[in-house]
Each structure stands twice: as structure tokens, then as C-alpha cells.
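K.L.:
Sequence and predicted structure are below.
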Amino acid sequence: DAMVIQNPRYQVTQFGKPVTLSCSQTLNHNVMYWYQQKSSQAPKLLFHYYDKDFNNEADTPDNFQSRRPNTSFCFLDIRSPGLGDAAMYLCATSRDKGIGKNIQYFGAGTRLSVL
Amino acid sequence: DQQVKQNSPSLSVQEGRISILNCDYTNSMFDYFLWYKKYPAEGPTFLISISSIKDKNEDGRFTVFLNKSAKHLSLHIVPSQPGDSAVYFCAASYAYSGAGSYQLTFGKGTKLSVIP
């Protein structure tokens, strides 16, 4: 089945220790997104790629970076995790832009804990 | 400033009855709306959508109603089943000039519990 896969499902890191979360997709979608979701909050878009074109949200901290080496894979790098970065991180894809084409398909998420 | 609001954090409904989940938005530029369902330990799953040119869209037991003048949409589930118990997120998007629409703005979600 075509899908969006996130690894690992659970990640524990230490305060200040860099961590990388990974996302892969078999949908061959053009757009990939990273969201941060804290408890009882709405998912918050961090950035997205349209093909190789990177788009950062204005309020995304510099601590968060992303890489998309090819269509299938996208990585979220947190350079120096703080306690406030503990959250669920969701990866999503959409076929394209435009009304009806931007239905997003989500992975199961990676829950990040910072000790 | 929340542009998409789901004011009810939770809702309990008896099996077989109607579930009505509500969503309000403030940005009049939104023109495409989606509902997602999320089970614990899973990512959100797309459920149903509606364009601003319509006021109703139906898919099986799920119907979404849009009232543009009130900036309000609702999701109706009839009849409700225990398997519908999940968190439901409302999301909205709008077309960027020359770029198409892709970004979704989500509400905080409503946890629906369907009691057998």
C-alpha cells in the first residue's frame, strides 16, 4: 500500500543533542510537509518542500532544519533540542498545489522526548 | 491568533445517533475545507472536504455543511458507530495568488466518543 512512513515512532534525546527524524513516501507526491503538534494543540506547519523548493514558515525557529534528498525522503533536523521541542512531529505529503490537489496524507508521527 | 476554531474539545454521542462536530473560521479568504480523523498512535486521515462554491458535500455516513456567511462548517455523522470514536480536526486552505493552495490551517480538534 502506498503510504507515508515515519521513523522512528518514538525518539528520546538529551537537551542540546542533535536529532534527526525521517519520513519516506511511496505516493510519489510533489509536496512534503513537517508539522509540530503539542498536546491538545493544532498541528503547526514548520516548513514544506515543493519538489526541491524549500519553504520555511516565518515563525519556525532556526533550530529546525530540513532536507529532501529525493522525491521519496524528507528529514527534520533539530540542531539543539530544548525542553520546549518535545512534541509529536508529523510528516505529510500532497500530490500538488491547487484546490483538491492539496489533500494531505500523514504519517503516524514521531513522538520526541527531550531529557 | 487562531484562524480555525473548534470550540468543543470533546463530544459524547450514543451509538446510532447523529454526531455533529463544529468548526468556525475567521479568515474570509479560506475557500477549501477538510476534515481529518485521528486515532491514537496514528496520523490524521483525510475524511471529507468541501469547496467554498458548495454548501454541502456527502460521503456515505459523513456530510459536511458550509455556511460562508457565518464562517462556519459542521461535520455530521449519521448513524454514529463506536469505530467513529477519534479526534476530528477541521482544516482550511486558500489559493495563494499565482501559487495555488497547499497550506492547511488546522483547528485543535474535537474528541468524539461514541458510546455503545
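P.N.:
Perfect, thanks for sending it. Numbers count the residues shown, from 1 in each chain, chains lettered A, B, ... in the order given.

K.L.:
Counting neighbours, what do you get for residue 58?
P.N.:
Picked chain A for this. Here the count is done by other C-beta atoms under 10 Å in any protein chain shown, and residue A:58 has 4 residues near it. (Each C-beta comes from the backbone N, C-alpha and C, glycine too.)

K.L.:
Sorry, I should have been clearer: chain B.
P.N.:
Burial of residue B:58 is recorded as 12 neighbouring residues (other C-beta under 10 Å).

K.L.:
Tell me how far it lies from residue B:21.
P.N.:
The span separating residue B:58 from residue B:21 equals 15 Å under the rule C-beta to C-beta, to the nearest Å.

K.L.:
before we move on, what about residue B:68?
P.N.:
Separation of residue B:68 from residue B:21 (C-beta to C-beta): 18 Å.

K.L.:
When those two are compared, which one has more neighbours?
P.N.:
Ranked by neighbour count (other C-beta under 10 Å), residue B:68 and residue B:21 place residue B:21 first, with 23 against 14.

K.L.:
If you count neighbours, what's buried in the one helix or strand that one maps to?
P.N.:
With elements delineated by DSSP states H and E, residue B:21 resides in strand B:19-25, which encompasses its position. With burial defined by 16 or more other C-beta atoms under 10 Å in any protein chain shown, the residues of strand B:19-25 counted as buried are B:19-25.

K.L.:
With only the CA atoms kept, save stretch A:50-57 in CSV.
P.N.:
Output in CSV follows, covering the C-alpha atoms of stretch A:50-57 (Å, rounded to 0.1, in the frame of the first residue of the first chain):
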residue,chain,number,x,y,z
TYR,A,50,7.5,21.6,-3.3
ASP,A,51,9.9,19.2,-5.2
LYS,A,52,13.3,20.6,-4.1
ASP,A,53,11.9,24.1,-3.4
PHE,A,54,12.1,24.7,0.3
ASN,A,55,9.6,26.9,2.1
ASN,A,56,10.1,27.9,5.7
GLU,A,57,7.3,29.3,7.8
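
K.L.:
that older thread, so which of the buried residues of strand B:19-25 comes closest to residue B:48?
P.N.:
The nearest member of these to residue B:48, counting by C-beta to C-beta, is residue B:21 at 11.3 Å.

K.L.:
Check which helix or strand the nearest residue to that closest one once chain neighbours are set aside maps to.
P.N.:
Counting by C-beta to C-beta, 6 or more residues apart in numbering or on different chains, residue B:21 lies nearest to residue B:75, which is 4.5 Å off, once chain neighbours are set aside. Per DSSP H and E: residue B:75 is located in strand B:72-77.

K.L.:
now the residue nearest the centre of chain A, what's its secondary structure?
P.N.:
If you average the C-alpha coordinates of chain A and look for the closest C-alpha using C-alpha atoms, centre = their mean, you land on residue A:34, 2.6 Å from that point. When classified by DSSP: H, G, I helix; E, B strand; the rest coil, residue A:34 comes out as strand.

K.L.:
ok, how many other residues are close to the closest residue to residue B:17 other than its chain neighbours?
P.N.:
Nearest-residue entry for residue B:17: residue B:80, 5.7 Å, with adjacent residues in sequence omitted and distances by C-beta to C-beta, 6+ apart. Look at residue B:80: counted by other C-beta under 10 Å, it has 23 neighbours.
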